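A.B. asks: Sharing a sequence plus its predicted fold:
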Amino acid sequence: MRNKWLRKEFRKVRTRGRLAERPLGRPRLSVHRSLKYLYAQVIDDAAGKTVVSVTSSCKEVREKVKSGKSLSAAKAVGEMIARKAVSAGVKKVAFDRGALQYHGRVKTLADAARAAGLEF
């Protein structure tokens, strides 16, 4: 069990390090997945501020979906974060999935954000 968590931590550090190495000048779309909810933030690292954030527990998403941990919730969060980011003037982002694998809810969120107008 210990090795499993160590691999996850190494993957998290490696992902963040690769994002920091790139001189893209883009904000990053950070995704966190808990057992109950899904969280997404667009973070401007140069200014040190969160531009927009959406969770599957917020009122707008809860009205659309039944559960906060489903694929439909991930799709709703992806669409909403993209709409809010575009209205805030952010079109291009770097996708930061942390230590999460690009699979399931994370992949659904990314695909929905791309379809709604974000580029990454």
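C.D. replies: Right, received. Where do you want to start?
A.B. asks: mind showing which ranges of the protein have poor pLDDT?
C.D. replies: Applying pLDDT under 70 to the chain flags the ranges 1-2, 20-24.
A.B. asks: What residues of stretch 39-52 count as buried?
C.D. replies: For stretch 39-52, a neighbour-count test (16 or more other CB atoms under 10 Å) marks 39, 40, 41, 42, 43, 44, 51, 52 as buried. Placement of C-beta: from N, CA and C, glycine included.
A.B. asks: Tell me how far it lies from the chain's centre.
C.D. replies: The gap between where stretch 39-52 is centred and where its chain is centred comes out at 11 Å by CA atoms, centre = their mean, to the nearest Å.
A.B. asks: Now distance to residue 105 and secondary structure too, for the buried residues of stretch 39-52, in TSV please.
C.D. replies: Output for the buried residues of stretch 39-52, formatted as TSV (distance: CB to CB, whole Å; DSSP: H, G, I helix; E, B strand; the rest coil):
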residue	distance to residue 105	secondary structure
39	11	strand
40	11	strand
41	16	strand
42	18	strand
43	20	strand
44	25	strand
51	22	strand
52	19	strand
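A.B. asks: Tell me the one of those nearest residue 75?
C.D. replies: Closest to residue 75 out of those is residue 40 (11.7 Å), distances taken as CB to CB.
A.B. asks: Thanks a lot, catch you later.
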